[in-house]
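Student: Any chance you could fold what I've pasted below:
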Amino acid sequence: MSVLDHRKISFIGGGNMAQALISGLIGCGVEPELITVADPSSEIRESLAAKGINTIDPTQDAKSAVVNADVVVLAVKPQVMKMVVSAFTDVLDKQLIISVAAGLSTDILSAMLGGYANIVRAMPNTPAMIQMGATGLYATDATSTEDKQLAEGVMAASGLVMWVEEEDQMHAVTAVSGSAPAYIFYFIESMVDGAIALGLNREQASALAMQTMLGAAKMAMGSDEAPSELRRKVTSPNGTTQAAIESMQANEIGRQIGEAMQACYQRSEALSDEMSQ
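Tutor: Got it, this is the predicted structure:
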């Protein structure tokens, strides 16, 4: 028996992240008719309705998406969150609220929701679109153990879930997973450009770089050894790999990655501060 069995889940906003989560939920066995999406776009509503999902035009009737739901996933841009939720705060009772909006703290969300505090804040990343996401979760003190399990079930449908104990740690989650797919894409992009400069064509370079990145990640995930030890084992003394690693170390690539993550962390803090004003 799943924690999601017979649970009614409503999404406020039907954009890419919402659709990624919905795909994961259906893939995990959630019946489409238990899912409702409120989105003002008729195109999005028609696309989701064709999959058996209930759809609502929130400009006509936002409350009906929320009143009978067990879980309400807030998947709209933070800049419009206050306006969107104001349409249904008066029908909140025992629903679990999950927010995937970046930068909005649970205190800010609670204030927007008229003091309602049964909130879990989530920071997913774009690989959730292929059910390979990594999501950080933080729950308020008002959230029960049962609802935490429910939130975990919803988000785990699209990948790995990791809880943090302090809300400020969500900035670190942003730096290491929320924004990090872009770091990986940048690294792949650089590898492809480098391989082309060495004589391969773009198709060859792209295929080899992407498969190598995927294989190395899967190897690390399946190993009991730390990445540093896996790197050591593949780095033969005076070999080709050592030459590459020494070049990276001479150029302080590790330090630069750390500084990039720090910049991401600081920007996440700044955005959160801006939203609180």
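Student: Go through this protein and flag its longest strand.
Tutor: Secondary structure assigned by DSSP state E gives strand 133-139 as the longest strand of the chain.
Student: roughly how far out does that one sit from the chain middle?
Tutor: 7 Å (C-alpha atoms, centre = their mean, to the nearest Å).
Student: what comes into contact with whichever helix or strand comes after that strand?
Tutor: Using DSSP states H and E, the helix or strand that follows strand 133-139 in sequence is helix 145-156. Residues outside helix 145-156 that contact it (C-beta atoms under 8 Å, 6 or more residues apart in numbering) are 2-4, 7, 9, 21, 25, 70-71, 73, 96, 98, 118, 120, 122, 124, 135, 137, 139, 143, 161, 163. (Glycine included, C-beta is placed from N, CA and C.)
Student: Can you turn the buried part of those into a PyMOL selection?
Tutor: Buried residues within the contacts of helix 145-156, by 16 or more other C-beta atoms under 10 Å, are selected in PyMOL with:
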select buried, resi 4+7+9+21+25+70+71+73+96+98+118+120+122+124+135+137+139+143+161
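Student: Tell me the strands beside the longest strand of the chain, with direction?
Tutor: According to DSSP bridges, strand 133-139 has the following sheet partners: strand 119-123 (antiparallel), strand 159-163 (parallel).
Student: right, so of those, which gets closest to Ser276?
Tutor: strand 119-123 (13.8 Å; C-beta to C-beta).
Student: ok, the residue nearest to Gly14 when sequence neighbours are not counted - how many residues close by?
Tutor: In this structure, Gly14 finds its nearest non-sequential neighbour in Asp39, 3.5 Å apart by C-beta to C-beta, 6 or more residues apart in numbering. By other C-beta atoms under 10 Å, the residues close to Asp39 number 25.
Student: try the one 4 residues further on
Tutor: Number of residues near Glu43 (other C-beta under 10 Å) recorded here: 9.
Student: And the chain, what are its domain boundaries?
Tutor: 9-167, 180-270 (automatic domain parsing).
Student: CSV for these, including distance to Val173?
Tutor: Compiled in CSV, the domains of the chain are given as follows (distance: least, C-beta to C-beta, whole Å):
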stretch, distance to Val173
domain 9-167, 3
domain 180-270, 9
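Student: Buried deepest among those domains, which one?
Tutor: domain 9-167 (a mean of 19; mean count of other C-beta atoms under 10 Å).
Student: mind checking how far it is from the chain centre?
Tutor: 12 Å.
Student: Distance to Ile44 and mean pLDDT for the strands paired with strand 133-139 - can I get that in TSV?
Tutor: Shown next, in TSV, are the strands paired with strand 133-139 (distance: least, C-beta to C-beta, whole Å; pLDDT from 0 to 100):
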stretch	distance to Ile44	mean pLDDT
strand 119-123	21	97
strand 159-163	23	96
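Student: is it possible to export these to JSON lines including distance to Met170?
Tutor: Listed next are the strands paired with strand 133-139 as JSON lines, based on distance: least, C-beta to C-beta, whole Å:
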{"stretch": "strand 119-123", "distance to Met170": "6"}
{"stretch": "strand 159-163", "distance to Met170": "11"}
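Student: Figure out which of those strands is closest to Cys264.
Tutor: Judging the strands paired with strand 133-139 by C-beta to C-beta, what sits closest to Cys264 is strand 119-123, at 11.8 Å.
Student: what angle sits between that closest one and helix 145-156?
Tutor: Inter-element angle recorded for strand 119-123 and helix 145-156: 30 degrees (by axes from the mean of the first three to the mean of the last three C-alpha atoms, to 10 degrees).
Student: mind saving the C-alpha coords of strand 119-123 as PDB?
Tutor: Listed next in PDB are the C-alpha coordinates belonging to strand 119-123 (Å, rounded to 0.1, in the frame of the first residue of the first chain):
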ATOM      1  CA  ILE A 119       3.500  23.600   4.500                       C
ATOM      2  CA  VAL A 120       6.400  21.700   2.900                       C
ATOM      3  CA  ARG A 121       8.800  23.600   0.800                       C
ATOM      4  CA  ALA A 122      10.400  21.700  -2.000                       C
ATOM      5  CA  MET A 123      13.400  22.500  -4.300                       C
END
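Student: Okay, helices next: where are they in this structure?
Tutor: Along the chain, counting by DSSP state H, helices occupy 16-27, 42-49, 58-61, 81-85, 106-112, 145-156, 169-173, 180-197, 202-221, 227-234, 240-250, 253-276.
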